[in-house]
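Colleague: what shape does this take:
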Amino acid sequence: MARTIIGLFDDRHEAQQVVQEVAALGIPGNRTSILEERDMTPAGTTEPARESEETGFWGRIQEAFGFGIPGTERSSYEGGIRRGGTLVSVGADENQVDRVVDAMNRHGAVDIDQRSAQ
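Modeller: Below is the predicted model:
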């Protein structure tokens, strides 16, 4: 059974490195998503989507990743993306989870619990 692993990165390049490492593990590209603030900007505008717009910020994340993020973590992820961070989601089989988590940690995934406590 596949599990979804999410990582927030302050550095876009590091997030892209994770995506490349995940591909090298044999995880298909359709099981990996990357989301940045510019992906949250409605077409024809320069402003990020507001929560009250048709799909809303979290609706766009759910659309991009195919699932929602628990409410307790939402504000940390949203704040990270709005500050220029990059969110990476990977659907990994159980035997790949540890390697995906290791790749994310090596490339500087943000510790959401620690960031939330700040």
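Colleague: CA atoms for contacts and neighbours, from now on please.
Modeller: Noted.
Colleague: mind listing residues that contact stretch 84-96?
Modeller: Stretch 84-96 has contacts (CA atoms under 8 Å, 6 or more residues apart in numbering) with 1-12, 15, 19, 22, 25, 27, 31-37, 65, 77, 80-81, 100.
Colleague: could you check the pLDDT of residue 78?
Modeller: With respect to pLDDT, residue 78 scores 76.
Colleague: ok, what's across the strand from residue 92?
Modeller: residue 3 (DSSP bridges).
Colleague: likewise for residue 32?
Modeller: residue 90.
Colleague: residues contacting it?
Modeller: 19, 88-91.
Colleague: 7 Å instead?
Modeller: 89-91 (CA atoms under 7 Å, 6 or more residues apart in numbering).
Colleague: most neighbours among the residues you listed, which one is it?
Modeller: Neighbour tally across the contacts of residue 32 (other CA atoms under 10 Å): the maximum, 26 neighbours, falls on residue 90.
Colleague: hang on, the earlier thing: make a PyMOL selection of the buried ones in the contacts of stretch 84-96.
Modeller: Buried subset of the contacts of stretch 84-96, written as a PyMOL selection, criterion 16 or more other CA atoms under 10 Å:
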select buried, resi 5+6+7+8+9+10+12+15+19+22+27+31+32+33+34+35+36+37+65+77+80+81+100
